[in-house]
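Participant: model this:
(chains A, B, C and D)
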Number of protein chains: 2
Amino acid sequence: MGKSGGMWMSFFRGRYLHSLDAKGRVAIPQRFREALGGGEEALRLVMTVDPEGCLVVYPEAVWRDLERKWESLPQMNDELKTYLRFMVGWASDGALDRQGRILVPPPLRDYAGLEHEVWFVGVLQNFEIWNGERLEKATGRDRVQSVTQKLSGLF
Amino acid sequence: MGKSGGMWMSFFRGRYLHSLDAKGRVAIPQRFREALGGGEEALRLVMTVDPEGCLVVYPEAVWRDLERKWESLPQMNDELKTYLRFMVGWASDGALDRQGRILVPPPLRDYAGLEHEVWFVGVLQNFEIWNGERLEKATGRDRVQSVTQKLSGLF
DNA sequence: TGATTCGTGGGGAAAAGTGGGGGAATGTGG
DNA sequence: CCACATTCCCCCACTTTTCCCCACGAATCA
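Facilitator: I've put the predicted structure just below:
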């Protein structure tokens, strides 16, 4: 609310530092909650891992599209099986509690090296949850500058 | 609003020294406000970071075009993911308050090393917010002269 | 010199994030 | 099938941040 009716926030943007409490819960940033589901219904999402060492969170609808795509692929080769074992095998679906928090299952917490402080990072269609040091390595200036070079043909 | 004489300034130009107050707010230079969004509606903008160490501010419309472009690219690309994590991951969207100010979120403040005094610099389609010393390093004469050499073929 | 605009500062209500107590649900071992 | 421990999720209370309002002072313009 407040933020005016402008309904253009359909993407996840920005970074937020939140804290994981002793019970393994974190509050989803309010801005992300808005992007998650709009309406009144309970916001459902799917959380899984990323090879870079963070967690990735998708709105349920977006995740379903991914699943449909995977399922409809022509042939199931070893690479695809490995990939699915990873993405789907780590996936955990859930809903926000009434305070807008999610519970991060212990295996995922371990995978991403999450302690007390965690960073939320929006990347358009989904968002990520990072351990601070890992995030810094992944988005350091040097890394970004070299990446920008390679991408410069694209835009 | 004031000097609505007639034509709009459609580009951002010039540099202005303003101050960030204790709550992290800065007034956008009046000239920039005019360029931002014409009409009477609340002026919306998106602020993110630049690898050179400053903040970049785009009018909402310009930013949306960027997002549309990014979104249409193949998403499995690691370089693109890194790039988005940087550009989108730092992005903060907001509107000016009634005094024409924006709130600079703490993470962005830290990234750009902004203390009390900050410089606004117009660069056509968008403008930047700098820490004074960094700006001086980035636009020192020696630096600019060498750059100008390399560019001389372009115009 | 009075009126208007622009930048700056601060008070205060509302919202967002954080932490903890306790009941329901789940699962495990007798 | 029944204790028992564990996990999960609700509610409430507290702190911090955000945002809306009003007000002052410097600069500008007639």
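
Participant: which residues does A:Phe12 bridge with?
Facilitator: Note on A:Phe12: beta-bridge partners by DSSP bridges are A:Leu124.

Participant: which helices and strands does the helix or strand where A:Val144 lies pack with?
Facilitator: In the assignment (DSSP states H and E), A:Val144 maps to helix A:141-151. The contact analysis (3 or more CB pairs under 8 Å, 6 or more residues apart in numbering or on different chains; DSSP states H and E) places helix A:141-151 against helix B:78-87. (Each C-beta comes from the backbone N, C-alpha and C, glycine too.)

Participant: if you look at the helix or strand following the helix it packs on, does any of it touch chain A?
Facilitator: Where DSSP H and E defines the elements, the next helix or strand beyond helix B:78-87 is strand B:92-95. Yes - judged by CB under 8 Å from any CB of the partner chain, strand B:92-95 comes into contact with chain A at B:92-93, B:95.

Participant: Most neighbours among those, which one is it?
Facilitator: Among those, the one with the most neighbours (other CB atoms under 10 Å in any protein chain shown) is B:Ser92, at 23 neighbours.

Participant: That one: what's it in contact with?
Facilitator: Contact analysis of B:Ser92 by CB atoms under 8 Å, 6 or more residues apart in numbering or on different chains lists A:13-14, B:46-48, B:104-105, B:108.

Participant: quick one: which of those sit in strands?
Facilitator: B:46-48 (DSSP state E).

Participant: can you list the weak-confidence ranges in chain A?
Facilitator: A:1-9, A:38-41, A:155 (pLDDT under 70).

Participant: need the residues of it near chain B, please.
Facilitator: A:3-4, A:6, A:8-9, A:11-17, A:52, A:121-125, A:128, A:138-139, A:141, A:143-145, A:147-148, A:150-151, A:154-155.

Participant: could you redo the last one with a cut-off of 6 Å?
Facilitator: Within chain A, the positions near chain B by CB under 6 Å from any CB of the partner chain are A:13-15, A:121, A:123-124, A:139, A:141, A:144-145, A:147, A:150-151, A:155.

Participant: related to what we said a few turns ago, what's the ChimeraX syntax to select whichever of the ones in strands among the contacts of B:Ser92 are buried?
Facilitator: In ChimeraX, a selection of the buried entries from those looks like this (16 or more other CB atoms under 10 Å in any protein chain shown):
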select /B:46,47,48
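
Participant: Return the member of the ones in strands among the contacts of B:Ser92 nearest to chain A.
Facilitator: B:Val46 (7.7 Å; CB to the nearest CB).

Participant: Might one say that that closest one is in contact with B:Asp93?
Facilitator: Yes - in this structure B:Val46 lies within contact range of B:Asp93 using CB atoms under 6 Å: 4.6 Å.

Participant: Now render the residues of chain A next to chain B as a markdown table, adding neighbour count and distance to B:Leu73.
Facilitator: Shown next, in a markdown table, are the residues of chain A next to chain B (neighbours: other CB atoms under 10 Å in any protein chain shown; distance: CB to CB, whole Å):
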| residue | neighbour count | distance to B:Leu73 |
| --- | --- | --- |
| A:Arg13 | 24 | 17 |
| A:Gly14 | 24 | 20 |
| A:Arg15 | 24 | 21 |
| A:Val121 | 24 | 18 |
| A:Val123 | 22 | 13 |
| A:Leu124 | 19 | 11 |
| A:Thr139 | 22 | 19 |
| A:Arg141 | 14 | 22 |
| A:Val144 | 20 | 17 |
| A:Gln145 | 12 | 19 |
| A:Val147 | 20 | 13 |
| A:Lys150 | 13 | 13 |
| A:Leu151 | 15 | 9 |
| A:Phe155 | 9 | 8 |
